[in-house]
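Asker: what shape does this take:
(chains A, B, C and D)
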Number of protein chains: 2
Amino acid sequence: MEKIPQPVIKRLCMIYQLLNEMFDKGHMTVSSSELGTTLGVGSHNIRKDISCLDGVKSGGSGYDIVNLKNAIAQKFGFENQKAACVVGLGRIGTAFLEHAHNITSEFRIVAGFDSNTNRIETIKTSVSVYPAYQISETARRLNIQIAILTVPNTAAQDAANRLIDGGVKGIINFTDTNLVIRKDDVFVKNMDVTGEMRMLSALIRMDMNNSITM
Amino acid sequence: MEKIPQPVIKRLCMIYQLLNEMFDKGHMTVSSSELGTTLGVGSHNIRKDISCLDGVKSGGSGYDIVNLKNAIAQKFGFENQKAACVVGLGRIGTAFLEHAHNITSEFRIVAGFDSNTNRIETIKTSVSVYPAYQISETARRLNIQIAILTVPNTAAQDAANRLIDGGVKGIINFTDTNLVIRKDDVFVKNMDVTGEMRMLSALIRMDMNNSITM
DNA sequence: TAGATTGTTAATCGATTAACAATC
DNA sequence: TAGATTGTTAATCGATTAACAATC
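Answerer: Take a look at the predicted model:
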């Protein structure tokens, strides 16, 4: 099986999202140029990306939305629902737990964790909640693959270590902490708002300078 | 002024964060290789990135942390605090509003918006809150540069349009919606959890295949 | 069929890595 | 000074763009 470069994986995921939306709107087919303009890349790029997939039927009238959707799902293993958890049940963490049922058929939030046992006892949710020291054991038992990390900065690295010990392979890190990961089969996606605001701020500034230069 | 490529801007922002942490720990200097290993890139890369800055003093014993920090802040305009706002005061939005004081000296959340006037009246926060129809006017009046978007998917595009009308240049989009932006001096950072979980899921899957191939 | 759109190869572009002389 | 580390040029690598023949 061919290895797919990260930027391509990313775009195919975005295409998948678009296809879902288009399907919901009742569309049947879509062309590479339509996808391209919506995503802000050239149609060449889209076609190149799609060429990484198997079993895509196409022709003179674009792609069949359902067929393309399935091809991506099949390539990336989206058909079988994956177990996820939330670590850190503060305001944001709890919000995610309660959103749990909103989440697509691809993922299911099966556990919440917090180091504060009082909070665990008082929290009201349909999802089971556990104390932080049970992270590794529970993650392994429930076969949790992905974790949403919403603990305070100081607790982030420890929680990440426990998750990885429990076999978790992907972490969505809402913490401002730069997690140190030893295993190279574990992926982290940083979502810290401060960092992203800073990045936007820098982009805006650099863009202004470009405009002045022009 | 030289134009800096996006990946470089991103890494410099990450370096800035690391420098802050190191400074808080009382360190005085840091080498390109230390920064490189922490960020997972080669020391060459770090030095190349830093060469985009002005006024960095260095020598045989690495970089002066304060000096480097200032050089980045100066390049990207981090010295002057920027106004930000939160649009959509559901659970997550409110959490950000209340975090407001935690946020660095670089940013200050000066307003919250929601279309539900009942919610606006009952919400308890030190930050002023306004109805959604006042987004453009208020953003312009308070010179808001960056917005955190936490509205329901269906309201996302409309809110984004109002923000852009009000002169906002950066949007942190917590919505699952792919925002359509016409102006090319407006930057969007997508933070939708579903999409990121999907991306992680795909990376994990592809990685497994790689391992098998090896 | 004819028209539109894809698939794929080749060319360009840009970013990362390597190496080594210059610097503190 | 000597040692360590940077700054910068050149080489490699990979991704994007272009173009056009193949396809439905």
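
Asker: can we go C-alpha only for contacts and neighbour counts from here?
Answerer: Noted.

Asker: residues contacting residue A:178?
Answerer: Applying CA atoms under 8 Å, 6 or more residues apart in numbering or on different chains to residue A:178 gives no contacts.

Asker: and for residue A:4?
Answerer: A:52, B:206.

Asker: return the distance of it relative to residue B:41.
Answerer: 21 Å (CA to CA, to the nearest Å).

Asker: low-confidence stretches in chain A?
Answerer: A:1-2, A:100-103, A:208-214 (pLDDT under 70).

Asker: write out the residues of it neighbouring DNA strand D.
Answerer: Neighbours of DNA strand D within chain A, by CA under 7 Å from any atom of the strand: A:5-8, A:41-42, A:44-45, A:48, A:58-61.

Asker: narrow those residues to those in strands?
Answerer: Counting by DSSP state E, the residues of chain A next to DNA strand D place A:58, A:59 in strands.

Asker: of the residues of chain A next to DNA strand D, which is the nearest to residue B:185?
Answerer: Of all the residues of chain A next to DNA strand D, residue A:41 has the smallest distance to residue B:185: 16.9 Å, by CA to CA.

Asker: pull the residues that contact stretch A:109-127.
Answerer: Counting by CA under 8 Å, 6+ apart, A:83-89, A:97-98, A:100, A:128-133, A:135, A:142, A:144 sit against stretch A:109-127.

Asker: what's the ChimeraX syntax to select whichever of those residues are buried?
Answerer: Filtering those down to the buried ones (16 or more other CA atoms under 10 Å in any protein chain shown) takes a single ChimeraX command:
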select /A:83,84,85,86,87,88,89,97,98,100,129,130,131,132,135,144
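
Asker: of the contacts of stretch A:109-127, which ones also sit close to chain B?
Answerer: Counting by CA under 8 Å from any CA of the partner chain, nothing from the contacts of stretch A:109-127 sits close to chain B.

Asker: picking up where we left off before, dump the residues of chain A next to DNA strand D to JSON lines, plus distance to residue B:189 and neighbour count.
Answerer: Compiled in JSON lines, these are given as follows (distance: CA to CA, whole Å; neighbours: other CA atoms under 10 Å in any protein chain shown):
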{"residue": "A:5", "distance to residue B:189": "21", "neighbour count": "12"}
{"residue": "A:6", "distance to residue B:189": "18", "neighbour count": "13"}
{"residue": "A:7", "distance to residue B:189": "16", "neighbour count": "10"}
{"residue": "A:8", "distance to residue B:189": "18", "neighbour count": "16"}
{"residue": "A:41", "distance to residue B:189": "16", "neighbour count": "13"}
{"residue": "A:42", "distance to residue B:189": "20", "neighbour count": "15"}
{"residue": "A:44", "distance to residue B:189": "24", "neighbour count": "12"}
{"residue": "A:45", "distance to residue B:189": "21", "neighbour count": "16"}
{"residue": "A:48", "distance to residue B:189": "25", "neighbour count": "12"}
{"residue": "A:58", "distance to residue B:189": "32", "neighbour count": "13"}
{"residue": "A:59", "distance to residue B:189": "34", "neighbour count": "9"}
{"residue": "A:60", "distance to residue B:189": "35", "neighbour count": "6"}
{"residue": "A:61", "distance to residue B:189": "33", "neighbour count": "10"}
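
Asker: can you list the strands that the longest strand belonging to chain A pairs with?
Answerer: Counting residues, the longest strand in chain A under DSSP E turns out to be strand A:107-114. Here strand A:107-114 is paired, per DSSP bridges, with strand A:82-87 (parallel), strand A:129-131 (parallel).

Asker: out of the ones you listed, which gets nearest to DNA strand C?
Answerer: strand A:82-87 (29.2 Å; CA to the nearest atom of the strand).

Asker: what sits up against that closest one?
Answerer: Contact with strand A:82-87 is made by A:93, A:96-97, A:106-114, A:132, A:142-151, A:159, as judged by CA under 8 Å, 6+ apart.

Asker: filter those residues to the buried ones?
Answerer: A:93, A:96-97, A:106-114, A:132, A:143-151, A:159.

Asker: host element of the residue most central in space within chain A?
Answerer: Among the residues of chain A, the one closest to the centroid is residue A:172, at 7.1 Å (CA atoms, centre = their mean). In the assignment (DSSP states H and E), residue A:172 maps to strand A:170-173.
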